[in-house]
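# Prediction below, plus the sequence it came from.
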Amino acid sequence: MDGEMLQRVTKERALQLPATEIAYPFGPEWDVFKVGGKVFMIHTELKGDLIAVIKARPGDSTALQEAFDDITPGYHMNKKHWITLNPGGSLDQEFIEDLVTESYLLVIEKSLPRAKWPVDPFTYGQEPTSDPA
């Protein structure tokens with residue numbers, strides 16, 4: 001997946017998530033995706049490649065970087081809590097969309113007071129269970 005496709009896929013997924021906003025606090029070359037005023041994804045360019053930087057749990061961050069050459073420490077972010085998705089060939093669209101969703105839910109869970117949650121990060125996306133009554 002090239003950089004344009006990577007950013008298109010991540011942007012489309014982010015905009016499907018409730019209460020997502022895009023801001024440009026660092027200038028037009030930095031697309032900053034937020035929920036409840038908190039950043040969950042950034043688009044920019046690094047050494048000529050279009051990239052996406054997303055939040056991840058520390059254990060997941062390490063495991064993802066070990067498993068995928070196209071995932072590296074978060075560019076200009078805390079290397080423990082952020083990862084960079086780079087263009088290449090090892091990441092497929094569904095996996096990338098899942099990573100964006102996880103970043104969004106993690107920010108809601110860890111950074112927003114419960115009263116400001118646009119969705120419940122513990123149940124979002126799950127099929128509703130039917131009542132056996």
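Looks like it came in fine.

# quick one: the strands in the protein?
In chain order, the chain shows strands spanning 20-23, 31-35, 38-46, 49-55, 71-73, 82-85, with DSSP state E as the criterion.

# Which elements pack onto the third one?
Going back to what we said before, that points to strand 38-46. Other elements packing on strand 38-46 under the criterion 3 or more C-beta pairs under 8 Å, 6 or more residues apart in numbering; DSSP states H and E are helix 3-16, strand 31-35, strand 49-55, helix 93-111. To be clear about C-beta, it is placed using only N, CA and C from the backbone, and glycine gets the same treatment.

# distance of the residue nearest the centre of the chain from residue 22?
For the chain, the residue lying nearest the average C-alpha position, counting by C-alpha atoms, centre = their mean, turns out to be residue 100 (3.1 Å). The spacing between residue 100 and residue 22, counted by C-beta to C-beta, to the nearest Å, is 13 Å.

# just to revisit the earlier point, out of the helices and strands packed on strand 38-46, which comes closest to residue 66?
Ranking these by their distance to residue 66 (criterion: C-beta to C-beta) puts helix 93-111 first, at 15.1 Å.

# Identify each buried residue in that closest one, please.
Neighbour counts using 16 or more other C-beta atoms under 10 Å place 96, 97, 99, 100, 101, 102, 103, 104, 105, 106, 107, 108 of helix 93-111 among the buried residues.

# need those residues in a markdown table with pLDDT, can you?
Listed next are the buried residues of helix 93-111 as a markdown table, based on pLDDT from 0 to 100:
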| residue | pLDDT |
| --- | --- |
| 96 | 97 |
| 97 | 97 |
| 99 | 97 |
| 100 | 98 |
| 101 | 97 |
| 102 | 97 |
| 103 | 97 |
| 104 | 97 |
| 105 | 97 |
| 106 | 96 |
| 107 | 96 |
| 108 | 96 |
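
# Quick check: which ranges of this protein have low pLDDT?
Screening the chain residue by residue with the criterion pLDDT under 70, one finds the ranges 129-133.

# Touching, residue 83 and residue 64? I think so.
Yes: applying C-beta atoms under 8 Å, one finds residue 83 in contact with residue 64, separated by 6.0 Å.

# Comparing these two, which residue is more hemmed in?
A side-by-side neighbour count of residue 83 and residue 64, using other C-beta atoms under 10 Å, places residue 83 first with 26 against 19.
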